[in-house]
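Visitor: Structure, please.
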Amino acid sequence: MAFFRRIQKKVNNLWYPQSVTWGKAVTTREVADELSAISTVTRGDTFAVMENLGRVLSGFMGQGRTVKIDGVGTFYYTASSTKKGVQTAEEVSASLINGVRVRFLPEVERNSGSQVITRSMVNTKVVWKEWGKTSASGNGGNGDDTGGGEEENPLG
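Guide: Numbering: from 1, shown residues only. As a prediction, this is how the structure comes out:
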């Protein structure tokens, strides 16, 4: 189950749902345990590979390449600059770059008409529940949002 909360955007004063994460981030060890449980690879082997994945990805992306991992998606670098641009193409140089970001695009499956039908890391059966709403709260889930902090477990 995924969670959302209600937020009001200052730019237009309208309300929107915003996804909420809770608890601590899942660790590499936990992911390795899950991968090991559904494959023939040991937890230790899985953990060792995952621990080095970031270094390998950054090495390839540092060479100006994208990295596509089947079943996951594509990673690549983008450059950012604080300046708003220069007047001529001749003035453009690497010195204008002041930061690098990693971009990620989940893998896409397309039908025969080239329409996107799924993104591999986007579960199409996500069940959304408002953060802080529980049927045990006495209001049947229709009262005010109780907020909920990131360290609270909404399932417990």
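Visitor: lowest-confidence helix or strand of the chain?
Guide: Evaluated with mean pLDDT, DSSP states H and E, the helix-and-strand set of the chain has its lowest mean pLDDT in strand 116-119, which scores a mean of 64.
Visitor: what packs against the helix or strand just after that one?
Guide: Scanning the chain past strand 116-119 towards its C-terminal end, the next helix or strand to appear is strand 128-130 (assignment: DSSP states H and E). Using 3 or more C-beta pairs under 8 Å, 6 or more residues apart in numbering; DSSP states H and E, the elements in contact with strand 128-130 are strand 2-8. (Glycine included, C-beta is placed from N, CA and C.)
Visitor: Give me the sheet partners of the strand it packs on and which way each runs.
Guide: Using DSSP bridges, the strands paired with strand 2-8 are strand 15-20 (antiparallel), strand 128-130 (parallel).
Visitor: okay, these, which one's buried deepest?
Guide: Between the strands paired with strand 2-8, the one whose residues have the most neighbours on average, counting mean count of other C-beta atoms under 10 Å, is strand 128-130 (a mean of 14).
Visitor: what is the mean pLDDT for it?
Guide: Mean pLDDT, strand 128-130: 87.
Visitor: swap in stretch 20-36?
Guide: What stretch 20-36 shows for mean pLDDT is 91.
Visitor: Send me that stretch as CSV with only the CA atoms.
Guide: Extracted C-alpha coordinates of stretch 20-36, given in CSV (Å, rounded to 0.1, in the frame of the first residue of the first chain):
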residue,chain,number,x,y,z
VAL,A,20,4.4,10.0,1.3
THR,A,21,7.2,7.6,2.3
TRP,A,22,7.5,6.3,5.9
GLY,A,23,10.1,4.7,8.1
LYS,A,24,13.7,4.3,7.3
ALA,A,25,14.9,3.6,3.7
VAL,A,26,15.1,-0.1,2.8
THR,A,27,18.8,-1.1,3.0
THR,A,28,21.0,-2.8,0.5
ARG,A,29,21.0,-5.8,2.8
GLU,A,30,17.2,-6.0,2.8
VAL,A,31,17.1,-5.8,-1.0
ALA,A,32,19.8,-8.5,-1.2
ASP,A,33,17.8,-10.7,1.1
GLU,A,34,14.7,-10.4,-1.1
LEU,A,35,16.6,-11.0,-4.3
SER,A,36,18.3,-14.0,-2.8
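Visitor: ok, and for that stretch, which residues are buried?
Guide: By neighbour count, with 16 or more other C-beta atoms under 10 Å as the criterion, the buried positions of stretch 20-36 are 20, 32, 35-36.
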